[in-house]
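J.: Quick one, structure for this:
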Amino acid sequence: MKARNKKNTNRILSLACAVIMLCMSMLHFVEKAPVTVYAAGSGGIKGNRLPAGYVTEEQMKLANPWTEMNEGPLYNVMRKVRTGQRVNIAFIGGSITKGTISNGTRDESMNKKLPYVEYVIDWWYKKFPKADLYFINAGISATDSYLGVHRVQKDVLDKKPDLVFVEFAVNDKKTAHYKQSYENLIRKILAADSKPAVMLLFMSKLNGWSCQAQQAQIGQHYKLPMLSYGNVMKDLISKDIYTMEELSGDAIHPSALGSAVIGEIIVRYLDELEAKTLGEVSYKKTTAKYLTSKKYNSAKVLSCKNISIQRMGTFEATSKSRIFQNNLTSSSGDGNLSFTVTGKNIGILFAQQINGRGGQFDVYVDGKKTAEIDADNTGGRHNKPGAVPCYSSSRKATHTVRIVRNKKSKGKALTIYAVLVSN
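T.: All right, here's what the predicted structure looks like:
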C-alpha cells in the first residue's frame, strides 16, 4: 500500500514538473515575442510632479521628427546653469501657455493638474536644485504671433532670457501675414542682446487643425528645436489609448491629462538633451536669410497715452484692460477718433466683446480706408484682444489715423487697447 502511494506520488510530482517546465518555456517564448506597450500614465516619477508613462518611445519620435536641428544654444543654457550663473527662461504664447486647462473626462483621476509650463519649471528645479533660475510666463489668452512680435521686447526680451519657448500654432492662421509675423518674432528673439536659445512648441485642436506645418518651415529654416503635441495627440486618439474627451474638454485647450502629455514630451526631451551636454557639441550659425521678409524688427506696442491725439470724437480715456494700460473707449456715437503716429507699419489692438455691444469700425490712414475693426465676439467664451494690421510701407513717415463706426454697424462700442508700430 505504501509502495503504491509512493509510486502515485512520484507520478504526480513528475507530471507537475513537466507542467512547470512547459509553462517556463512558454513564458520564455512570450518574453521574446514583440509586444506593443501603450502609455497608461503613472502620473509622476517617484512621487514627484513630473509626468511619466503617458508617452511611448515611438510617440516621442513623432513629437520630434525633425533632423539636423541646432541644439547648441540649448546646450549652452544647460552648461550655464551648471556653473551657478543666473538663467532666465521665458514662455510666450496664448492661453495654453498662460495656463488654461479644460475639464477632461479623466481629470478626476489625475494626481496633479498642472499646465505644461509648470511641468517644465519643475524639471529645471529638480534637475538643478542649486541653480539660480528665473521664469517669465508671457502667455496671454487669445493672442497670436502678430501681437507677439510687437510685445515680445517688453514682455520677454527686456528681461534678458537665456531660453524662450514659443507657442502660437493654434492661435495663428495659415496665411502669408502670419507666416511673416511668426518668422519676424523668431528673428527678433534670436537677435536679442542675451542671444537666447529658442524652442518651438506646436499645439493642436482636437480636429487636427494647427499651423504646425507653416511654423515648422520657419523652424527648419533656422534649425530650431521643435516639439509637436499635435503629432502625439493624433496617435493617442487613433490607437484608442485616450479619447478626445479625455485629452480636452473644449476641443482646443488640453485637459489635465493632455497637459501631462505635453509636459512629459518636453521634460523627456530636456532630459535627453541634458545628458548630451556632457559630451562635445558642434555649433552652427543661424542663417541670416529670411524665409519671408523683414518687417517687424522694431515692432512695439504703443500705449494710447503715448499717441498724438488730434480729435477724441466720442472716445474717452478708460482702463478696461489690466494687461494693456491706458485705453480709449467709445460706447456710443460714431467714434471719429483721430491721431498721428510715426512708423512704416501700423496696426490696432482692440477688445473683442461678448456682450453684443461691440461694433464694426473703419480705419482710415491719411484719408484712405485701409482696414476694418470687428469688435463683436458674441457667442465667445470671454472678451479677448484682437489685432488688425492697418498700414504698411517701405518708408518711415508720420501718418494720420482716423477710426469711425461703420454706418451699417449695429453695435456701437469699441475699446482700443493700443497701437502696434514698427519701422
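J.: ok, the most centrally placed residue in the chain - contacts?
T.: Geometric centre of the chain, nearest residue: Glu167, 2.2 Å, by C-alpha atoms, centre = their mean. By C-beta atoms under 8 Å, 6 or more residues apart in numbering, the contact set of Glu167 is 91-94, 96-97, 139, 200-203. Every residue, glycine included, has its C-beta placed from N, CA and C.
J.: distance of Tyr75 from Asp162?
T.: 12 Å (C-beta to C-beta, to the nearest Å).
J.: just to revisit the earlier point, partners of the residue nearest to the centre of the chain in the sheet?
T.: Gly93, Leu201 (DSSP bridges).
J.: pLDDT value on it, please?
T.: The confidence metric pLDDT takes the value 98 at Glu167.
J.: ok, how many other residues are close to Gln85?
T.: As a burial measure, Gln85 scores 11 neighbours (other C-beta atoms under 10 Å).
J.: residues contacting the residue lying closest to it once chain neighbours are set aside?
T.: Of all residues beyond its chain neighbours, the one nearest Gln85 is Asp132 (6.8 Å), with distances taken as C-beta to C-beta, 6 or more residues apart in numbering. Counting by C-beta under 8 Å, 6+ apart, Asp132 touches 84-87.
J.: Buried ones among the residues you listed?
T.: Neighbour-count burial (16 or more other C-beta atoms under 10 Å) applied to these gives Val87.
J.: Which members of the contacts of Asp132 occur in strands, if any?
T.: Those of these mapping onto strands are 86-87, per DSSP state E.
J.: Look at Glu58 and give its secondary structure.
T.: What DSSP: H, G, I helix; E, B strand; the rest coil gives for Glu58 is helix.
J.: Can you list the buried residues in the longest strand anywhere in the chain?
T.: As assigned by DSSP E, the longest strand anywhere in the chain is strand 384-405. Neighbour-count burial for strand 384-405, counted by 16+ other C-beta under 10 Å, picks out 384-391, 399, 401-405.
J.: How far does it sit from its chain's centre?
T.: Distance of strand 384-405 from its chain centroid, counting by C-alpha atoms, centre = their mean, to the nearest Å, is 27 Å.
J.: Starting from the very next helix or strand once past that strand, tell me which strands it pairs with and how they run.
T.: On the C-terminal side of strand 384-405, the closest following helix or strand by DSSP states H and E is strand 414-422. In the sheet, strand 414-422 lines up against strand 300-303 (antiparallel), strand 327-330 (antiparallel), strand 337-352 (antiparallel) (DSSP bridges).
J.: which residue sits closest to Gly358, ignoring its sequence neighbours?
T.: Leaving aside its chain neighbours, Gly358 sits nearest to Ala375 (3.4 Å; criterion: C-beta to C-beta, 6+ apart).
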